[in-house]
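Trainee: model the following, please.
(one chain, ligands or ions: 4)
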Amino acid sequence: MPEKVLDLRNRPLRDLRISVTDKCNFRCRYCMPAEIFGPDFEFLPQSKLLTFEEITRLTQIFTSLGVGKIRITGGEPLMRRNLPELIRMIREVEGVQDIAMTTNGSLLSRHAQALKEAGLDRVTVSLDSLDNERFGVLNGRGYQVDAVLEGIRVAADAGLSIKINMVVQRGVNDQDILPMARYFREQGHTLRFIEFMDVGNSNGWRLDQVVPSREIVRMIHTEMPLVATEANYYGEVASRYRYEGSDQEIGLISSVTQAFCSTCTRARLSAEGKLYNCLFASSGDDLREPVRDGRTDEEIRELIRAIWERRDVRYSEERLSETPGLAQREKVEMSHIGG
Ligand SMILES: Nc1nc2c(ncn2[C@@H]2O[C@H](COP(=O)(O)OP(=O)(O)OP(=O)(O)O)[C@@H](O)[C@H]2O)c(=O)[nH]1
Ligand SMILES: C[S@@+](CC[C@H](N)C(=O)[O-])C[C@H]1O[C@@H](n2cnc3c(N)ncnc32)[C@H](O)[C@@H]1O
Ligand code: SF4
Ligand code: SF4
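Mentor: Ligands and ions are numbered 1, 2, ... in the order given. Below is the predicted model of the structure:
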């Protein structure tokens, strides 16, 4: 039986989000703006990335502390070579109940079948618009919507369970809310709307660009009536609604207007092996050296336990105006910590 470890606010450790690379083929403005992540930007060298064996070993240690859900992310996780091999290795770890991956979808059609065969359960595809011109600007590299839709189609055919994530920004892609809702309702995939967050140091976040979830719900409800639905599990990030008269759902991730820190069970492992206990952390605790310097599983386990037991973060719930220095302090980039 895995042990249950609680942080200072009694939140158990249940989910591990593993970033497998800090590289990405997109340059979404809200995550990796091209003027900062340009040709001279230094990504992590291969030697600093956790190997598949190291990731698997850490996963096994995390499961002994109560983790059952694994999410693979990045950067763009499909830019890491042989990713299905890592999925296969994680699948064999005792205690792993669910393996999901978050991807921009552009490379998914090539890899979906192999990922499914390796044991991936679910995929979440990020897509912010169905309009090619807008999407090309949003992803910063001119990628077309069709490539992503094809990835979704192939993944569904392969038998992967699918969700779509859309980050909404006022004046940027709020006109895409209804077309996205109509399209994915028709396709039978759950679409989740994410409030634009102030993660990282360079995405130009402004409060007036956040479209509150309740506004999105109102907008959709006017055309396609919605019914609120119970959470699926403790700590679920999205609040869920279904379309009246159907089982088809949408989700709202209200990180800004209705923070959900009080039930946050998520730990994040970066590609270079740092453990972060919050998306808005300024720094993480290195696990790569402990893994490489010959420490036993038991020693690493105690290290992770100590990190979780002193966890007290709840940044989304802290009022910026009431917390001196919070808005100014250094943050970790989303592409590094994995979202
Ligand atoms: N502030 C905050 N935002 C989060 C957190 N976890 C997820 N998000 C945001 O929600 C988005 C979607 O999360 P997903 O990666 O799809 O994970 P999930 O909603 O837990 O996935 P399911 O297991 O399918 O319920 C992320 O890209 C983040 O933008 C969190 O702990 N804090
Ligand atoms: C960092 S990406 C990594 C995985 C993959 N490259 C992708 O885009 O799906 C993970 C998620 O974070 C979301 N994200 C990135 N920056 C964000 C921000 N500032 N606010 C809200 N969500 C953000 C993305 O839309 C994506 O759904
Ligand atoms: S959100 Fe994902 S796809 Fe977009 S730049 Fe960040 S890591 Fe890449
Ligand atoms: S802001 Fe930090 S503590 Fe709050 S939900 Fe997000 S990751 Fe968890």
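Trainee: now for residue 282, how many residues are close by?
Mentor: 11 (other C-beta atoms under 10 Å). C-betas here are computed from N, CA, C, even on glycine.
Trainee: surely it is in a strand?
Mentor: No: assessed with DSSP: H, G, I helix; E, B strand; the rest coil, residue 282 is coil; it does not lie in a strand.
Trainee: buried residues, stretch 115-127. List them.
Mentor: 115-116, 118, 120-127 (16 or more other C-beta atoms under 10 Å).
Trainee: filter those residues down to the ones in helices?
Mentor: 115-116, 118 (DSSP state H).
Trainee: show me what from this protein comes close to ligand 2.
Mentor: By C-beta under 6 Å from any ligand atom, the residues of the chain that approach ligand 2 are 24, 30-31, 73-74, 76, 102-104, 126, 165, 167, 194, 196-197, 199, 203, 334-335, 338-339.
Trainee: ok so, going back, got TSV for the buried residues of stretch 115-127, with pLDDT too?
Mentor: Shown next, in TSV, are the buried residues of stretch 115-127 (pLDDT from 0 to 100):
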residue	pLDDT
115	98
116	98
118	98
120	98
121	98
122	98
123	98
124	98
125	98
126	98
127	98
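Trainee: and which of those is nearest residue 38?
Mentor: residue 126 (21.8 Å; C-beta to C-beta).
Trainee: what's near enough to touch the closest one?
Mentor: 102-105, 164-167 (C-beta atoms under 8 Å, 6 or more residues apart in numbering).
Trainee: repeat that for residue 194.
Mentor: Residue 194 is in contact with 165-168, 253, 255, counting by C-beta under 8 Å, 6+ apart.
Trainee: farthest pair in those?
Mentor: Using C-beta to C-beta, the contacts of residue 194 span at most 13.6 Å, a distance reached by 166 and 255.
Trainee: returning to that earlier point: of the contacts of residue 194, which belong to strands?
Mentor: 165-168, 253 (DSSP state E).
Trainee: that older thread, from the buried residues of stretch 115-127, which are also near ligand 4?
Mentor: Within the buried residues of stretch 115-127, nothing lies near ligand 4 by C-beta under 6 Å from any ligand atom.
Trainee: name the residues of the stretch 1-150 of the chain found near ligand 3, please.
Mentor: So far as C-beta under 6 Å from any ligand atom goes, the stretch 1-150 of the chain lies against ligand 3 at 24, 26-28, 31-32, 74-76, 104, 126.
Trainee: ok, 8 Å please
Mentor: 24-28, 30-32, 37, 74-76, 102-104, 126, 139-140 (C-beta under 8 Å from any ligand atom).
Trainee: distance of the residue of the stretch 101-250 of the chain found nearest ligand 3 from ligand 1?
Mentor: Across the stretch 101-250 of the chain, no residue is closer to ligand 3 than residue 104, which sits at 3.6 Å (C-beta to the nearest ligand atom). Look at residue 104 and ligand 1: by C-beta to the nearest ligand atom, to the nearest Å, they are 11 Å apart.
Trainee: how about that residue, phi and psi?
Mentor: phi -80, psi -10 (degrees, to the nearest 10).
Trainee: what about residue 185, how many residues nearby?
Mentor: That count, for residue 185 with other C-beta under 10 Å as the rule, works out to 18.
Trainee: now the contacts of residue 194 as TSV including neighbour count?
Mentor: Shown next, in TSV, are the contacts of residue 194 (neighbours: other C-beta atoms under 10 Å):
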residue	neighbour count
165	21
166	23
167	22
168	24
253	21
255	21
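Trainee: near ligand 4 too, which of those?
Mentor: Filtered for proximity to ligand 4 (C-beta under 8 Å from any ligand atom), the contacts of residue 194 shrink to residue 255.
Trainee: out of the contacts of residue 194, the closest to residue 241 would be?
Mentor: Looking across the contacts of residue 194 and measuring by C-beta to C-beta, the closest to residue 241 is residue 253, at 12.5 Å.
Trainee: now the strands: where do they sit in the stretch 101-250 of the chain?
Mentor: Along the stretch 101-250 of the chain, the segments classed as strands by DSSP state E, counting those that start in this stretch run 122-126, 161-168, 190-195, 226-229, 239-243, 249-253.
Trainee: rebuild those as TSV, extending it with distance to residue 212.
Mentor: Output for those, formatted as TSV (distance: least, C-beta to C-beta, whole Å):
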stretch	distance to residue 212
strand 122-126	20
strand 161-168	10
strand 190-195	7
strand 226-229	15
strand 239-243	12
strand 249-253	9
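Trainee: TSV for those strands, including distance to ligand 1?
Mentor: Below are the strands of the stretch 101-250 of the chain laid out as TSV (distance: least, C-beta to the nearest ligand atom, whole Å):
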stretch	distance to ligand 1
strand 122-126	4
strand 161-168	5
strand 190-195	5
strand 226-229	13
strand 239-243	9
strand 249-253	4
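Trainee: perfect, I'm done here.
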